[in-house]
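A.B. asks: Sequence and predicted structure below; questions after.
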Amino acid sequence: QVQLVESGGGLVQAGGSLRLSCAASGSIFSINTMGWYRQAQGKQRELVATVTSYGLTNYADSVKGRFTISRDNAKNTVYLQMNSLKPEDTAVYYCKLPVRSVAGFMDYWGKGTLVTVSS
């Protein structure tokens, strides 16, 4: 059984910063490309950023230069440092981890953490 625990969301003023984390636990063999997604109210879920097992990163154009994704393979954890936050960044943020475990290969999603940016 693999479990994901997200943390770090909250309310912040525009221009502020938040750091999200997503930790996986259980009988994990490996985790491939980790990712953060977000879903604003009334909108579809969208990709925010990904990081491969080798540390290669990819970002949505809307967050480039402001957000930084990173991972700690020893802790099975992915982070999202969000700087210069804007009201349009307000959304529920989800982590997605493709995990190889004793149960096989499967995508796991976090339950989501709410980020609210006030103007």
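C.D. replies: Perfect, thanks for sending it. Numbers count the residues shown, from 1 in each chain.

A.B. asks: so who does Ser7 touch?
C.D. replies: Going by C-beta atoms under 8 Å, 6 or more residues apart in numbering, Ser7 touches Leu20, Ser21, Cys22, Thr113. The way it works is simple: take the backbone N, C-alpha and C, and place the C-beta from them, glycine included.

A.B. asks: Report the central residue of the protein.
C.D. replies: Residue closest to the average C-alpha location in the chain (C-alpha atoms, centre = their mean): Trp36, at 3.0 Å.

A.B. asks: mind putting the contacts of Ser7 in CSV, distance to Asn73, secondary structure and neighbour count included?
C.D. replies: Formatted as CSV, the contacts of Ser7 follow (distance: C-beta to C-beta, whole Å; DSSP: H, G, I helix; E, B strand; the rest coil; neighbours: other C-beta atoms under 10 Å):
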residue, distance to Asn73, secondary structure, neighbour count
Leu20, 18, strand, 24
Ser21, 14, strand, 19
Cys22, 13, strand, 27
Thr113, 22, strand, 22
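
A.B. asks: just the residues you listed now: which is nearest Ala14?
C.D. replies: Leu20 (17.6 Å; C-beta to C-beta).

A.B. asks: three-state assignment of Val78?
C.D. replies: strand (DSSP: H, G, I helix; E, B strand; the rest coil).

A.B. asks: Apart from its chain neighbours, what residue comes closest to it?
C.D. replies: Met34 (4.0 Å; C-beta to C-beta, 6 or more residues apart in numbering).

A.B. asks: again with Tyr93
C.D. replies: That would be Arg38: by C-beta to C-beta, 6+ apart, it lies 4.8 Å from Tyr93.
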